[in-house]
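[1] here is a sequence together with a model predicted from it:
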2 protein chains.
Amino acid sequence: MKTKSYLSGTISSIILAQLKAKGTMYGYEICQKVKDLTEQEIQLTEAAIYPSLHKLEKSGIIFSFKEKVNGRTRKYYQLVEGKESLVDAQINELIRFTEHLRTLLNPSRV
Amino acid sequence: MKTKSYLSGTISSIILAQLKAKGTMYGYEICQKVKDLTEQEIQLTEAAIYPSLHKLEKSGIIFSFKEKVNGRTRKYYQLVEGKESLVDAQINELIRFTEHLRTLLNPSRV
DNA sequence: GAATATACCTAATTTACTTATACATAAAAA
DNA sequence: TTTTTATGTATAAGTAAATTAGGTATATTC
């Protein structure tokens, strides 16, 4: 699941779903959470997630603030108020895609 | 579903699943079948499918033969015998990915 | 003191899809 | 009858978005 990338286009939706579920998270935390939830099989690398977070922030759908924890600086991200429906729409679109994909891949569909 | 592409990386698996289900198909037919099965929402363009078919053939997992039908030449594709387990593995890997994705996107997972 | 975990980040490369275009025949519509 | 739509294959150029590979820094564990 590392070399062959199905992730393309899905990373931002994955991030938004995590933020929606937990409220406030930082990049490294999101990476760990995704790994935990997928039995280590989907690994969002930092090189993939940070640019994506920056892009989402630039687009105005999330915002960030820094905090110092145990001598290390964390950059927390959160959904912008009022953007929930946009987030839902993006997540639902991807869910819908996965349902179509399942149909296409199902060998018993006749 | 046209502009935002989640398709990346999934096209070859979609093709293989169609060939597995029907035995013999030509490119244009696969495009139509995918469109039909997804309520017009996933549209494999020809520019996406033909290079993918060529790549699969080059890799030895499918082969092709031409036939003239109604004055037009069709190029049929078929799975190479003995490659079924490889095909299944690829399809199952993608199904597994979609399951993980569903978990990651599910807002009610706590 | 070395390795691992935590925590952020970016440049260069590569992959592979999209946009655009090309060619060609048959059928349907205007 | 001429244009459009459907059928059918194909490639070149452009672009988006990931991966590979690297960099910086602190805290903890072995």
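    Now that the structure is in, tell me what you want to look at.

[2] tell me the confidence at the residue of chain A found nearest DNA strand D?
    Nearest residue of chain A to DNA strand D, counting by Cβ to the nearest atom of the strand: residue A:71, 2.4 Å away. To be clear about C-beta, it is placed using only N, CA and C from the backbone, and glycine gets the same treatment. pLDDT for residue A:71: 87.

[3] residue A:1 too?
    At residue A:1, pLDDT is 38.

[4] check residue A:109 too.
    55.

[5] quick check: the most centrally placed residue in chain A vs DNA strand C, distance?
    Residue closest to the average C-alpha location in chain A (Cα atoms, centre = their mean): residue A:15, at 1.8 Å. From residue A:15 over to DNA strand C the distance is 12 Å, taken as Cβ to the nearest atom of the strand, to the nearest Å.

[6] and the longest helix along chain A, what's buried?
    For chain A, the helix that runs over the most residues, judged by DSSP state H, is helix A:84-105. By neighbour count with 16 or more other Cβ atoms under 10 Å in any protein chain shown, helix A:84-105 contains the buried residues A:87, A:90, A:91, A:94, A:95, A:96, A:97, A:98, A:100, A:101, A:104, A:105.

[7] specify the angle between it and helix B:84-105 in degrees.
    160 degrees (axes from the mean of the first three to the mean of the last three Cα atoms, to 10 degrees).

[8] quick one: contacts of helix A:84-105?
    Residues outside helix A:84-105 that contact it (Cβ atoms under 8 Å, 6 or more residues apart in numbering or on different chains) are A:10, A:12-13, A:16-17, A:19-20, A:61, A:79, A:109, B:1, B:4, B:6, B:10, B:13-14, B:17-18, B:34, B:37-38, B:41-42, B:91, B:94-95, B:98, B:101-102, B:105, B:107.

[9] repeat that with 7 Å
    A:10, A:13, A:16-17, A:20, A:61, A:79, A:109, B:1, B:6, B:10, B:13-14, B:17, B:34, B:37-38, B:41-42, B:91, B:94-95, B:98, B:101-102, B:105 (Cβ atoms under 7 Å, 6 or more residues apart in numbering or on different chains).

[10] is DNA strand C contacted by it?
    No. Helix A:84-105 is not in contact with DNA strand C by Cβ under 7 Å from any atom of the strand; minimum separation 11.4 Å.

[11] that's all I had, so thanks and see you.
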